[in-house]
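*Asks:* Would you be able to build a 3D model of this:
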Amino acid sequence: MLRIFLTVLLPIALPLIAYIIYVKTTRVRPSALAVSIILGVSVALLAAMLSLEFSRGVPPGTKLISPHLENGEVIPSQRLDEAQ
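*Replies:* Okay, here's the model as predicted:
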């Protein structure tokens, strides 16, 4: 649940919260240009975070050898094709 909050809900809600705080503290009615800039930056940041999240790791279906001990040394996980 914490991972969902940190990777999905927080990146969506944080720009909105920052914008609301900005509007409440400045007491200025925002112009359409300011709103569009803030919205554009928020969408760009969200797209960048999502692309980073989904581009990590190994492809689905890849066979892995889990980390294990050999002669007292920890051998990190490896793809099955790399281990041979």
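
*Asks:* What number of residues are in the vicinity of Arg79?
*Replies:* For Arg79, the count of nearby residues is 13 (other C-beta atoms under 10 Å). C-beta: built from backbone N, CA, C; applies to glycine.

*Asks:* show me the contacts for it.
*Replies:* Applying C-beta atoms under 8 Å, 6 or more residues apart in numbering, we find Arg79 in contact with Val58, Thr62, Lys63, Leu64, Ile65.

*Asks:* what helix or strand does the first one sit in?
*Replies:* So the one you mean is Val58. In this structure, Val58 sits in neither a helix nor a strand according to DSSP states H and E.

*Asks:* What's the local residue count around it?
*Replies:* By the criterion of other C-beta under 10 Å, Val58 has 10 neighbours.

*Asks:* Surely it and Leu64 touch.
*Replies:* Yes. At 7.2 Å, Val58 counts as touching Leu64 under the criterion of C-beta atoms under 8 Å.

*Asks:* Could you export the contacts of Arg79 to a markdown table, including columns for distance to Leu9, secondary structure and pLDDT?
*Replies:* Conversion of the contacts of Arg79 to a markdown table gives the following (distance: C-beta to C-beta, whole Å; DSSP: H, G, I helix; E, B strand; the rest coil; pLDDT from 0 to 100):
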| residue | distance to Leu9 | secondary structure | pLDDT |
| --- | --- | --- | --- |
| Val58 | 26 | coil | 73 |
| Thr62 | 29 | coil | 83 |
| Lys63 | 34 | coil | 87 |
| Leu64 | 30 | strand | 85 |
| Ile65 | 35 | strand | 87 |
